[in-house]
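this one's structure only:
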């Protein structure tokens, strides 16, 4: 986690590659990802515990990345803790 968000290089990669017509398209039912059946593993490190209240609302990176992966059609595999 970088200032409660994504590192700038990862954000630039997402902004450059998550584009309509390239990694997803819109239908009347919402976005459809072009990467169906692919999986992603999100491993996040931070200087504190942001997975528990009251700090969960400060973690903007995990919800954002999860939504990006859903839009492009990837599933997110979460390890059990």
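Good, I have the coordinates. Keep in mind that what you see is a predicted model, and the values were worked out from it rather than measured.

how about the residue nearest the centre of the chain, secondary structure?
Nearest to the geometric centre of the chain sits residue 65, at 1.3 Å (CA atoms, centre = their mean). At residue 65 the chain is in helix, as set by DSSP: H, G, I helix; E, B strand; the rest coil.

what's the answer for residue 26, then?
What three-state DSSP gives for residue 26 is strand.

ok, what's across the strand from it?
According to DSSP bridges, the partner residues bridging residue 26 are residue 31.

That one and residue 19 touch, don't they?
No: judged on CB atoms under 8 Å, residue 26 makes no contact with residue 19 at a distance of 11.8 Å. C-beta coordinates here come from the backbone N, C-alpha and C atoms, glycine included.

What ranges in this structure fall below the confidence cut-off?
For the chain, applying pLDDT under 70 flags the ranges 76-81.

can you pull out the strands in it?
24-27, 30-33, 39-41, 75-77 (DSSP state E).

Turn those into CSV, including mean neighbour count and distance to residue 60.
CSV is the format used below for those (neighbours: other CB atoms under 10 Å; distance: least, CB to CB, whole Å):
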stretch, mean neighbour count, distance to residue 60
strand 24-27, 12, 21
strand 30-33, 14, 20
strand 39-41, 11, 18
strand 75-77, 12, 16
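
I'd like to know how many residues surround the closest residue in space to residue 47 that isn't next to it in sequence.
Spatial nearest neighbour of residue 47, excluding adjacent residues (CB to CB, 6 or more residues apart in numbering): residue 1 at 7.9 Å. Around residue 1 there are 17 other residues, counting by other CB atoms under 10 Å.
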